[in-house]
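Undergrad: what shape does this take:
(chains A and B)
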Amino acid sequence: MFFKKWKRWFAMEAPAKPATDAVSRIAVTVNGRRRELELDRRTSLLDTLREHLRLTGTKKGCDHGQCGACTVLINGRRTNSCLTLAVMHDHDDVVTIEGLSAPLHPLQAAFIARDAFQCGYCTPGQICSAIGMLSEVKAGWPSHATADVSSDLVALTDAEIRERMSGNVCRCAAYPNIVAAIRDVVGGASR
Amino acid sequence: MKPFTYERVTDLRAAGAAASRAGAKFVSGGTNLLDLMKLEIEQPMHLVDISRLPLKQIEDLPNGGIRIGAQAANSDVAADHRVRARYPVLSEALLSGASGQLRNKASIGGNLLQRTRCSYFYDTAAQCNKRTPGTDCAAVQGVNRIHAILGASDACIATHPSDMAVAMSALEAQIELLEPNQSTRRVAIDDFYCPPGSTPHIETTLRPGEMITSVVLPPPPPGRQRYRKVRDRASYEFALVSVAVIVARDGETITTARVSLGAVAYKPWRSIEAEAALKGRPATLSTYQAAADAAMRSAVGRGHNDFKIELAKRTLCRTLADAAQTSTGRQL
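TA: Now for the predicted structure:
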């Protein structure tokens, strides 16, 4: 009986009351694995991944949401991990470049085949962003490059790929090969 | 970043109570607030996370309008079929802003409340009446290429950076607000932002602890809708000038028009003057030019941004011509 009570107590989620110290406890699923963390609540999700979970595949470029190097998938959606706090993602599902299908995700293979990088620093963000972008296209979302936003049909032209990937900057300017790699994965001729 | 306490609320009453605490600030997507907290321009003592409030839905209203929950993501609103079909100007404006990643995170309420991108506001070594009231405005005598040409004061020439709000202004959106005591009110988007005057740190008519719960769009007005944004890069950049127009024609005559401009003032700038210059006039270039002149009649350049006056006129003419093309495109 005592055991049951204890079990229930442990299973309970901590009440969402403000803590008085500088630390917050969170539980977040990263690449399919549940992680429990005690963090200074100022910690960005990016720093949490890199410094606390040692998942250094996700890169810190500008740390201000301007370059996209920190892009990860949160609950399936591409997001800049530098511009959000880990504490805001209690019980969320995060996928980083390390969590893609082994040994290589089709986009990773295409980036290698197309030489879609030079230094490679932006690449994990580019690939996570492209995964999120392709599911947005699959859901029929329009973009700034879509001539008629009221139309249900999204033709993934090269102009569409470039516009939809504009949140990921590549200072080596590997853009033509990045577009080609994404084109390889979605199929269809370049247009 | 300064330390703060953090609280996630899941109902509106708790949000109201949390907002009453000293130094409290709401956070939703956080894409602008966290950036400013890193720079210590924003220093909330208590962060109230409202991102999980049940305010994400988009609902049809009996009058043919639509209510958009303040916690809906920019990307979800831009992709919503009702918005795309009946308010394409809003979808176009949202899609022209930020990046796919940011639009997934940024909320509708947060978009309305985002701060200016004036470089002197961001530079904590520079004087800024908005950031530190009573200092000075470094932009007036500084590099003011991106700054306001309408509605500014000598104390502040910052612009509101939102694209979305420009479309909402043309659509005559109403902003629904909830006070901590749970009383509600509605404010027209045109009355939501305060002119800078001598108090540019007071940006909106929001009361202490008040929260945006939703944005209500009236039924779409007749006519074709169009949003055009002019900027230094083709994508992922703030506007130098943007224009939202809705133009209805009967034969060769413009029957009604709505005109709002972005990146020219402290708020999305509805131009009643341009609308009056269009109504009942023939759909010709000279009419559009007269409307553009009317829209810019009280515009003042500050040196580096003088070009914006001519750019705004040309952008407006071009967008009006696009929207008035009834032979192609959709007539709502």
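Undergrad: for burial, what's the neighbour tally of B:A85?
TA: 16 (other C-beta atoms under 10 Å in any protein chain shown). (C-beta placed from N, C-alpha, C; glycine too.)
Undergrad: check which helix or strand it maps to.
TA: Taking DSSP states H and E as the definition, one finds B:A85 inside helix B:81-86.
Undergrad: next secondary structure element downstream of that helix?
TA: Moving on from helix B:81-86 towards the C-terminus, the next helix or strand you reach (DSSP H and E) is helix B:88-95.
Undergrad: helices or strands up against that following helix?
TA: Counting contacts by 3 or more C-beta pairs under 8 Å, 6 or more residues apart in numbering or on different chains; DSSP states H and E, helix B:88-95 packs against helix B:74-79, helix B:81-86, helix B:164-170, strand B:224-230, strand B:241-250.
Undergrad: return the residues in contact with the residue of chain B found nearest chain A.
TA: Taking C-beta to the nearest C-beta as the measure, chain B has B:S99 as its residue closest to chain A, at 2.5 Å. Contacts for B:S99 (C-beta atoms under 8 Å, 6 or more residues apart in numbering or on different chains) come out as A:68, A:166-168, B:235-236.
Undergrad: make JSON lines out of the helices and strands packed on helix B:88-95 and add mean pLDDT.
TA: Supplementary listing: the helices and strands packed on helix B:88-95 in JSON lines, determined by pLDDT from 0 to 100:
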{"stretch": "helix B:74-79", "mean pLDDT": "98"}
{"stretch": "helix B:81-86", "mean pLDDT": "97"}
{"stretch": "helix B:164-170", "mean pLDDT": "98"}
{"stretch": "strand B:224-230", "mean pLDDT": "97"}
{"stretch": "strand B:241-250", "mean pLDDT": "97"}
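Undergrad: ranking these by burial, who's on top?
TA: Between the helices and strands packed on helix B:88-95, the one whose residues have the most neighbours on average, counting mean count of other C-beta atoms under 10 Å in any protein chain shown, is helix B:164-170 (a mean of 29).
Undergrad: any idea which helix or strand comes after the helix or strand of chain A with the lowest mean pLDDT?
TA: Least confident element among the helices and strands of chain A, by mean pLDDT, DSSP states H and E: helix A:2-11 (a mean of 47). Once helix A:2-11 ends, the next helix or strand along the chain (criterion: DSSP H and E) is strand A:23-30.
Undergrad: what's next to the following helix or strand past that next one, contact-wise?
TA: For strand A:23-30, the succeeding helix or strand toward the C-terminus, using DSSP H and E, is strand A:33-40. Around strand A:33-40, the neighbours that count as contacts under C-beta under 8 Å, 6+ apart are A:22-29, A:48, A:52-53, A:86-87.
Undergrad: not counting its neighbours along the chain, what's nearest the residue in chain A positioned nearest to chain B?
TA: Scanning chain A for proximity to chain B using C-beta to the nearest C-beta identifies A:G167 as nearest, at 2.5 Å. Using C-beta to C-beta, 6 or more residues apart in numbering or on different chains and skipping residues adjacent in sequence, the residue nearest A:G167 is B:S99, 2.5 Å away.
Undergrad: just B:T253 next, same as before
TA: B:P282 (6.1 Å).
Undergrad: pLDDT wise, what is that neighbour at?
TA: The pLDDT attached to B:P282 in the predicted structure is 97.
Undergrad: and it, what is it in contact with?
TA: Per C-beta under 8 Å, 6+ apart, neighbours of B:P282: B:252-254.
Undergrad: got the phi/psi numbers for it?
TA: Dihedral angles phi and psi of B:P282 (degrees, to the nearest 10) take the values phi -70, psi 150.
Undergrad: element containing the residue positioned nearest the centre of chain A?
TA: Central residue of chain A (C-alpha atoms, centre = their mean): A:V72, 1.3 Å from the mean position. With elements delineated by DSSP H and E, A:V72 resides in strand A:71-74, which encompasses its position.
Undergrad: just checking that strand against chain B, any contact.
TA: Yes: Strand A:71-74 is in contact with chain B by C-beta under 8 Å from any C-beta of the partner chain, via A:T71.
Undergrad: quick revisit: save the helices and strands packed on helix B:88-95 as a markdown table, and put in distance to A:A145 too.
TA: Converted to a markdown table, these look like this (distance: least, C-beta to C-beta, whole Å):
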| stretch | distance to A:A145 |
| --- | --- |
| helix B:74-79 | 13 |
| helix B:81-86 | 15 |
| helix B:164-170 | 18 |
| strand B:224-230 | 13 |
| strand B:241-250 | 17 |
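Undergrad: which parts of the stretch 151-300 of chain B sit against chain A?
TA: Contact residues of the stretch 151-300 of chain B with respect to chain A, defined by C-beta under 8 Å from any C-beta, are listed as B:234-236.
Undergrad: using CSV, list the CA coordinates for the helix holding B:A85.
TA: Extracted in CSV, the C-alpha atoms of helix B:81-86 (Å, rounded to 0.1, in the frame of the first residue of the first chain):
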residue,chain,number,x,y,z
HIS,B,81,-7.4,27.3,-46.1
ARG,B,82,-9.9,29.9,-44.9
VAL,B,83,-7.3,32.6,-44.6
ARG,B,84,-5.8,31.7,-48.0
ALA,B,85,-9.2,31.7,-49.7
ARG,B,86,-10.8,34.8,-48.1
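Undergrad: packing partners for that helix?
TA: In terms of contacts (3+ C-beta pairs under 8 Å, 6+ apart), helix B:81-86 is packed against strand B:58-60, strand B:66-69, helix B:88-95.
Undergrad: which one of the ones you listed lies closest to B:S271?
TA: Proximity to B:S271 (C-beta to C-beta) singles out helix B:88-95 among the helices and strands packed on helix B:81-86, at 15.0 Å.
Undergrad: now that closest one: mean pLDDT?
TA: Per-residue pLDDT values over helix B:88-95 give a mean of 98.
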